[in-house]
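In: Sequence below, structure please.
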Amino acid sequence: MSKPRSLRLPPRTRAYRLRTARQEFAVLDAAPAGRSRGTVLLVPGFTGSKEDFLGLLEPLGDAGYRAVAVDGRGQFESPGPRRRAGYTPRALGGDVLAQVAALGDGPVHLVGHSFGGFVARSAARLDPSAFLSLTLLASGPGRVGPDQRAKIRLLRAALPVLPPSWVWAVTQWLDSRDPAYLADPPEIAEFLARRWFSTQPAQLIATGRQLRIEPDRTEGLAALPLPIHVAYGDGESVWTVGELAHLARSVDARHTVIRGAEHSPNVSHPEELTAALAEFWAGVTARTTAP
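Out: Next up, the predicted model:
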């Protein structure tokens with residue numbers, strides 16, 4: 001999961017519930033500094049939330065973009081169904097299209113982090129005309145690697161039969177066994193627990209299953225009529241860097257590797273990631289406005 005380093009709301013940012021034709025979604029909406037160069041919709045990953053993008057909102061605004069980060073259905077502060085059937089790829093992709101329509105700034109640049117990349121590409125398949133571009137941030141072509149699959153299998157088995165507090169305690173213990181583990185500051189630890197207990201268990205079970213079984217979607221991505229950007233850190237571990245590099249080549253995508261970053265460049269390297277995104281989007285704009 002991504003862990004924000006601060007919960008401070010950046011300048012020019014509003015937190016509110018976005019009313020759409022499907023339901024309301026909790027969002028963080030950051031206005032651009034000066035004239036707008038476009039709107040960006042940011043979709044978080046498994047066990048994540050809109051706060052995963054807090055570090056990106058200010059630099060994206062400074063670069064001239066309205067940046068909107070969203071909690072998906074059943075995720076943290078957005079309501080969602082209690083049944084797993086409510087979290088199909090089509091349903092989640094349809095939510096993104098409803099969010100774009102409600103923002104009123106479409107088409108938008110779409111960015112999906114990790115599992116959010118699965119959601120983003122599902123939305124792009126449903127209606128590519130809603131988007132100017134698609135960025136897959138630390139998001140692979142298909143299912144996650146074996147170590148991650150084992151962790152998700154344990155989580156999915158425990159959630160239906162154990163109290164949420166027990167499952168949370170186990171996940172915290174597993175995280176602490178990582179040699180690179182560092183204890184979170186109290187404010188962040190409290191936020192992570194609150195996010196966990198606010199997220200619908202059905203959302204975690206259904207999306208976790210998709211991460212474990214998702215087939216390779218390279219061919220479908222290559223067929224999308226959208227400019228694609230594949231970006232990740234050189235320390236990526238949920239998918240291998242080889243898989244992600246192959247994906248970028250296979251779909252003729254813009255390819256960005258952020259040195260020193262791991263699975264969440266949006267948290268650890270927001271300035272470098274913003275520079276790469278803005279350069280990609282400027283190229284997209286140049287192509288679409290050329291005579």
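In: hey, let's count contacts and neighbours off CA atoms from now on
Out: Will do.
In: how much space between Val251 and Arg217?
Out: Using C-alpha to C-alpha, to the nearest Å, we find Val251 at a distance of 10 Å from Arg217.
In: how many other residues sit next to the closest residue to Pro227 other than its chain neighbours?
Out: Counting by C-alpha to C-alpha, 6 or more residues apart in numbering, Pro227 lies nearest to Ser133, which is 5.0 Å off, once chain neighbours are set aside. Residues lying near Ser133 (other C-alpha atoms under 10 Å) number 23.
In: again, but for Gly34
Out: Counted with other C-alpha under 10 Å, the neighbours of Gly34 add up to 11.
In: cool, and Leu28?
Out: Neighbour number of Leu28 under other C-alpha under 10 Å is 25.
In: returning to that earlier point: per-residue pLDDT, the residue nearest to Pro227?
Out: pLDDT, Ser133: 98.
In: how much space is there between Glu58 and Asn266?
Out: From Glu58 to Asn266 the distance is 12 Å (C-alpha to C-alpha).
In: all helices for the stretch 51-200 of the chain, in order.
Out: Taking DSSP state H, counting those that start in this stretch as the test, the helices found in the stretch 51-200 of the chain are 54-62, 89-103, 115-126, 146-158, 164-176, 186-198.
In: So which other helices or strands are in contact with the fifth one?
Out: For helix 164-176, the packing partners by 3 or more C-alpha pairs under 8 Å, 6 or more residues apart in numbering; DSSP states H and E come out as helix 146-158, helix 186-198.
In: Can you lay out the ones you listed as CSV showing distance to Asp178 and mean neighbour count?
Out: Below are these laid out as CSV (distance: least, C-alpha to C-alpha, whole Å; neighbours: other C-alpha atoms under 10 Å):
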stretch, distance to Asp178, mean neighbour count
helix 146-158, 12, 15
helix 186-198, 17, 15
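In: Which one of these lies nearest to Ser237?
Out: Closest to Ser237 of those is helix 146-158 (C-alpha to C-alpha; 9.1 Å).
In: how much does the closest one deviate in direction from helix 164-176?
Out: If you take axes from the mean of the first three to the mean of the last three C-alpha atoms, to 10 degrees, helix 146-158 sits at 160 degrees to helix 164-176.
In: Need the CA coordinates for helix 146-158. PDB is fine.
Out: Only the C-alpha atoms of helix 146-158 are listed here, as PDB (Å, rounded to 0.1, in the frame of the first residue of the first chain):
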ATOM      1  CA  PRO A 146       4.100 -14.800  -6.400                       C
ATOM      2  CA  ASP A 147       5.100 -13.100  -3.100                       C
ATOM      3  CA  GLN A 148       2.200 -10.600  -3.500                       C
ATOM      4  CA  ARG A 149      -0.200 -13.300  -4.500                       C
ATOM      5  CA  ALA A 150       0.600 -15.200  -1.300                       C
ATOM      6  CA  LYS A 151       0.000 -12.100   0.800                       C
ATOM      7  CA  ILE A 152      -3.300 -11.400  -0.900                       C
ATOM      8  CA  ARG A 153      -4.500 -15.000  -0.700                       C
ATOM      9  CA  LEU A 154      -3.900 -14.800   3.100                       C
ATOM     10  CA  LEU A 155      -5.800 -11.500   3.300                       C
ATOM     11  CA  ARG A 156      -8.800 -12.800   1.300                       C
ATOM     12  CA  ALA A 157      -9.000 -16.000   3.300                       C
ATOM     13  CA  ALA A 158      -9.000 -14.100   6.600                       C
END
